[in-house]
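> Predicted model, plus sequence, below.
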Amino acid sequence: MKHIILALSIASLLLSCKGEQKTEHPLDHTIPKNDPTGEEWISLFDGTSTEGWRAYNGDTLPPGWVIEDGVLTFNTELGLEQDYTGGIDIIYAAEEFDNFELYLEWKLPAGGNSGIFYHVKEGYQKIYDVAPEYALIDDLGYSKIHDLTDYNLSLGYTENLNELKPLYRTGSDYAMHAADPSQKVLHPIGEWNSSKIVFTPQKVEHWLNGKKLLSFVPWDDAWYEKKNSDKWKNSPDYGIYKTGYIGLQDHSSPIWFRNIKIKKL
């Protein structure tokens, strides 16, 4: 009898352990009402609605931007960099923000490209003519799929013309401040990454997967020197606004975003 009881106990234990095996949980879009400092987070996208989002200089959300499995998705075919003539970027137009901490999660396909804009003002031909950008791109595979020769030539480069330059890699302040490669932890293509932008008049920080990639002071002499000497020298209003919308880039690439939230500072 003892042997039978022991056997039944082992079988019961095995079934219990089997039932406790970890399973993949559904996406958690819960936005905490307050962080430990008591500051309130504002949800810009909670996985259920695109309320507040529309095209830059437009009235509605452009085709292709949809919610799939609780994720804000730009559903499109991957276009080539050498054929890119511009896309229809989107903005969260329900409110403008000045000083903030922005957090979101994202993933890209192989050869993918997008970006996060802030202090966006409308009325310009291109969103990047006015708004600073946190770059999102396939650092390792972009130049294997796209021809960057003409693009790099247009920026004044004369060597390694099919190389993705540091100023345009993930986490960089696009064409202004390069992300520190020694601090970059970039998850493989198809996996989720988290990004954070902190903006105040005293400092701007870009974070990726919990690591700070760069920091600079906006509007100081060094900032203006960078702005006026390179890509933005013919864009007089680039980065000058102290408040504006949050935006996401259509760079002819599929892109996935979730858990988009912001905290006013």
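In hand now; what should we look at?
> When you work out contacts or count neighbours from here on, use the C-alpha atoms and nothing else.
OK.
> Contact partners for Y168?
By C-alpha atoms under 8 Å, 6 or more residues apart in numbering, Y168 lies in contact with 135, 174-175, 178.
> Quick one: the residues you listed as TSV, columns for neighbour count too.
Shown next, in TSV, are these (neighbours: other C-alpha atoms under 10 Å):
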residue	neighbour count
A135	23
Y174	23
A175	21
A178	20
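> Could you dump the residues you listed into CSV with distance to G112, pLDDT and secondary structure added?
Shown next, in CSV, are the contacts of Y168 (distance: C-alpha to C-alpha, whole Å; pLDDT from 0 to 100; DSSP: H, G, I helix; E, B strand; the rest coil):
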residue, distance to G112, pLDDT, secondary structure
A135, 11, 98, strand
Y174, 16, 98, coil
A175, 18, 96, coil
A178, 19, 98, coil
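> Go through those and say which is closest to N209.
The closest of the contacts of Y168 to N209 turns out to be A135 (C-alpha to C-alpha; 14.2 Å).
> Who are the contact partners of that closest one?
When contacts are counted by C-alpha under 8 Å, 6+ apart, A135 touches 114-116, 168-174.
> What helix or strand is N152 located in?
helix 149-154 (DSSP states H and E).
> Tell me the bridge partners for I90.
Legend: beta-bridge partners of I90 under DSSP bridges are A55, L248.
> That one contacts L248, correct?
Yes: counting by C-alpha atoms under 8 Å, L248 is a contact partner of I90 at 5.4 Å.
> State the helix or strand in which E101 lies.
Secondary structure assigned from DSSP H and E places E101 in strand 100-107.
> What is that strand packed up against?
strand 193-200, strand 255-264 (3 or more C-alpha pairs under 8 Å, 6 or more residues apart in numbering; DSSP states H and E).
> and the angle from the helix or strand that that strand is followed by to strand 255-264?
Later in the chain than strand 100-107, the nearest helix or strand by DSSP H and E is strand 113-120. Orientation check (axes from the mean of the first three to the mean of the last three C-alpha atoms, to 10 degrees): strand 113-120 against strand 255-264 gives 30 degrees.
> Show me what strand 113-120 is packed up against.
strand 133-137, strand 244-248.
> Would you mark the buried spots in the helix holding N152?
149, 152 (16 or more other C-alpha atoms under 10 Å).
> tally of neighbours for the spatially closest residue to R169 that is not a sequence neighbour?
Nearest-residue entry for R169: D139, 5.8 Å, with adjacent residues in sequence omitted and distances by C-alpha to C-alpha, 6 or more residues apart in numbering. Residues near D139, counting by other C-alpha atoms under 10 Å, number 19.
> what about D139, which helix or strand?
Judged by DSSP H and E, D139 forms part of no helix or strand.
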